[in-house]
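>>> return atomic coordinates for the entry below.
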Amino acid sequence: MKYFSAVLFLFFICQYSFAQSHKEQIASFRQNYKDDFLKDPRSPLKKEDLEFLRFYDADSTYRVTARAQLLTNQAAFIIPTFSGTGSQYVRYAQLSFTLKGKPVQLTIYKSIALAQNPAFSNYLFLPFTDATNGSETYGGGRYIDLTTKDIKSGSIIIDFNKAYNPYCAFASGYSCPKPPDENRVDMAVEAGEKNFGKGH
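Residues are numbered from 1 along each chain as shown. Take a look at the predicted model:
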């Protein structure tokens, strides 16, 4: 009984430590996210706008390990933007995971244009929509950034706490890719960035 109690105690300590470290990681990610708006000359936000950024509280249950099946011989296709243009992408990997007890499948994409740039050759793009769009979150969906190096031994960690809004959520005049229909999550993903708290 004493051994079992000790194991249980250590389990809860580890769980608490993970929750704390995850919150710290997300806090750091969001601070960097805010800082990037001030570094980008094309940014839709100024320093005084950053206070209007809204986020769900960090929730480690939205950090999942997905099985990643790499896709080969994929034809390039156009992902349209909200402005009416489009960019070429290829389907890079199919993700399968469980979120809040429900099975989910999403596709990761690779930009043809960015792949030609050595600085972004490993960049992967995960756009998605969910049941919060248009109410609590931006109606056009949200994005998660990944890299090819994030896929290890056929799996990848997807943290929806890192989901962010495209520039189109803050101002007009930007070409933001629309999440393809296949990347619809049929539930409320209450993690990541919320609606911008200031009109435009």
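>>> so what pLDDT did A163 get?
Looking at A163, its pLDDT is 98.
>>> please apply the same query to S172.
89.
>>> from P44, how far out is it?
9 Å (Cβ to Cβ, to the nearest Å). In this view, the C-beta of every residue, glycine as well, is placed from N, C-alpha and C.
>>> burial measure for Y138, as a count.
By other Cβ atoms under 10 Å, 22 other residues sit near Y138.
>>> spit out the contact partners of it.
Contacts for Y138 (Cβ atoms under 8 Å, 6 or more residues apart in numbering) come out as 165-166, 168-169, 193, 195-196.
>>> ramachandran coordinates for the residue nearest the centre of the chain?
For the chain, I144 is the residue whose C-alpha lies nearest the centre (Cα atoms, centre = their mean; 2.3 Å). Here is the backbone geometry of I144 (degrees, to the nearest 10): phi -130, psi 130.
>>> bridging residues for it?
L126 (DSSP bridges).
>>> so who does it touch?
126-128, 158-160, 162-164, 192.
>>> on that earlier part again, separate out the buried members of the contacts of Y138.
165-166, 168-169, 193, 195-196 (16 or more other Cβ atoms under 10 Å).
>>> against F82, how distant is the residue nearest to the centre of the chain?
For I144, the distance to F82 - Cβ to Cβ - is 18 Å.
>>> before we move on, what about D40?
19 Å.
>>> so for the two, which sits in the more crowded spot?
More neighbours surround F82 than the other of D40 and F82, with 18 against 11 (other Cβ under 10 Å).
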